[in-house]
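Peer 1: structure here, sequence nowhere to be found:
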Ligand code: NAD
């Protein structure tokens, strides 16, 4: 029996509830496919501040580095909103990403046919749903480049610098090609090569790497066009790869067109199998502790872990299929229930998913 050690960062707000749901689903899928998981909880965020005065204790970092993979709920809440910047729960997110060397962010944006009414786009545009994976570079580019103030032509000016090395582009592009291989084998590389030098190096490097992936169909798209295409015809995309800033903006656009924040998982990856898996939503303090949260984003984050960290595609697909089934059968948590339809609790939704594995 294969054995995987998972560090659990439950965090704050709905974090503990949704992580516990994902753990139950992992245990159930493990029984079915002969996978043994051990789960070790560590403190993070507000819970860590309350217990030991800092949002990311050393034991948490060490535990995450020693684990095979990390599952995170969410951090933050009004209780800690007035603390100084470096003591805030959110600081722990940047800290753990840095400590684990997570340079890739994978964010799927999937519109389930059963949830078409949640989508803000016109019905004919999303008739067949869409299923996009955005691969965003996470530790380079303009967010990390040289910045400052200087005297310019019109007096004081501020500047930020975008820099990308061939190595940084190649390693994120490799993740994207590998990801496309596990999906529909279509990769769109998004840049601004008509203007930016970094984009021209980006495009050249991605195309050089394409020779190693003849089974993946590669195309380029300018970022302004990509922003339009995402709302005009989102179903044309399979995998998208792009830089830190473009990915930041486009992944938020893509998540909004799904219309359901409680459904979207994410993964942040390092070069090896190590990674951190978490829902894209926050700690939802308004519904915390009420057994109302939608656990699906976290359950699907666990499925991403099975696929990307452990290469257990059969078990991962079983979870995704169970979620599809539950939705197709009309089950909804409160965030998705419309027109007086009855809503399942977090625990009941988790039960339904487990029953359908
Ligand atoms: P949020 O995502 O927590 O909540 C936004 C809205 O969506 C709320 O009405 C909430 O109830 C709802 N919602 C979110 N997830 C849901 C789920 N799974 N099921 C049902 N409803 C859900 O964003 P926010 O309100 O802006 O932030 C709340 C706290 O979370 C803040 O402290 C913020 O800093 C933090 N935050 C943390 C992360 C993270 O841990 N990665 C990300 C974003 C925000």
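Peer 2: Noted; the coordinates are in hand. All of these numbers come straight from a predicted model, not from anything done at the bench.

Peer 1: quick one: the helices in this protein, in order.
Peer 2: Using DSSP state H, the helices of the chain run over residues 15-33, 46-52, 58-66, 91-100, 166-181, 197-210, 223-232, 244-258, 296-304, 313-328, 346-355.

Peer 1: tell me the most buried of these?
Peer 2: helix 296-304 (a mean of 27; mean count of other Cβ atoms under 10 Å). From N, CA and C alone the C-beta is placed, and that goes for glycine too.

Peer 1: what sits up against that one?
Peer 2: 18-19, 21-23, 25-26, 71, 73, 106, 108, 261-267, 277-281, 316-317, 319-320, 323, 333, 349-350, 353 (Cβ atoms under 8 Å, 6 or more residues apart in numbering).

Peer 1: for residue 352, which non-adjacent residue is spatially closest?
Peer 2: Nearest non-adjacent residue to residue 352, counting by Cβ to Cβ, 6 or more residues apart in numbering: residue 326, 4.8 Å away.

Peer 1: burial of the residue nearest to residue 270 when sequence neighbours are not counted, as a residue count?
Peer 2: Spatial nearest neighbour of residue 270, excluding adjacent residues (Cβ to Cβ, 6+ apart): residue 101 at 4.4 Å. Residue neighbour count, defined by other Cβ atoms under 10 Å, stands at 14 for residue 101.

Peer 1: same deal with the one 4 residues further on?
Peer 2: Residue neighbour count, defined by other Cβ under 10 Å, stands at 24 for residue 105.

Peer 1: and the spatially closest residue to residue 194 that is not a sequence neighbour, what is it in contact with?
Peer 2: In this structure, residue 194 finds its nearest non-sequential neighbour in residue 222, 6.2 Å apart by Cβ to Cβ, 6+ apart. Contacts of residue 222 were listed using Cβ under 8 Å, 6+ apart, and they are 190, 191, 192, 193, 194.

Peer 1: who in the stretch 251-357 of the chain is up against the ligand?
Peer 2: 261-262, 278, 281-287, 293-294, 297, 335 (Cβ under 6 Å from any ligand atom).

Peer 1: what do you get for the stretch 1-150 of the chain?
Peer 2: 14, 74, 75, 76, 77, 90, 93.

Peer 1: all strands for the stretch 1-150 of the chain, in order.
Peer 2: 2-11, 35-42, 69-74, 104-111, 130-137, 147-152 (DSSP state E, counting those that start in this stretch).

Peer 1: surely residue 314 is in contact with residue 33?
Peer 2: Yes - in this structure, residue 314 is within contact of residue 33 by Cβ atoms under 8 Å, at 6.1 Å.

Peer 1: who's the residue nearest to residue 194 bridged to?
Peer 2: Per DSSP bridges, the residues bridged to residue 222 are residue 191.

Peer 1: of all of the stretch 1-150 of the chain, which residue lies closest to the ligand?
Peer 2: Closest to the ligand within the stretch 1-150 of the chain is residue 76: 2.6 Å, counting by Cβ to the nearest ligand atom.

Peer 1: looking at it, that residue is touching residue 48, isn't it?
Peer 2: No - if you go by Cβ under 8 Å, residue 76 and residue 48 don't touch, sitting 11.7 Å apart.

Peer 1: overlap of the contact sets of those two?
Peer 2: Common neighbours of residue 76 and residue 48 (Cβ under 8 Å, 6+ apart) are residue 89.

Peer 1: show me this protein divided up by domain.
Peer 2: What automatic domain parsing lists as the domains of the chain is 1-103+264-357, 120-257.

Peer 1: let me know which of the strands of the stretch 1-150 of the chain is the nearest to residue 61.
Peer 2: strand 35-42 (8.7 Å; Cβ to Cβ).

Peer 1: I'd like to know how many residues surround residue 157.
Peer 2: Residue 157: 11 neighbours (other Cβ under 10 Å).

Peer 1: center of this structure, which residue is that?
Peer 2: In the chain, the centroid-proximal residue (Cα atoms, centre = their mean) is residue 266; its distance is 1.6 Å.

Peer 1: ok, now which ones touch that one?
Peer 2: Applying Cβ under 8 Å, 6+ apart, the residues near residue 266 are 105, 106, 107, 108, 277, 278, 279, 280, 301, 304.

Peer 1: quick check: residue 162 touching residue 144?
Peer 2: No - contact between residue 162 and residue 144 fails when scored by Cβ under 8 Å: they sit 9.5 Å apart.

Peer 1: ok, residue 57 to residue 15 distance?
Peer 2: For residue 57, the distance to residue 15 equals 16 Å [Cβ to Cβ, to the nearest Å].

Peer 1: OK, now which residue of the stretch 151-300 of the chain is nearest to the ligand?
Peer 2: residue 282 (2.5 Å).
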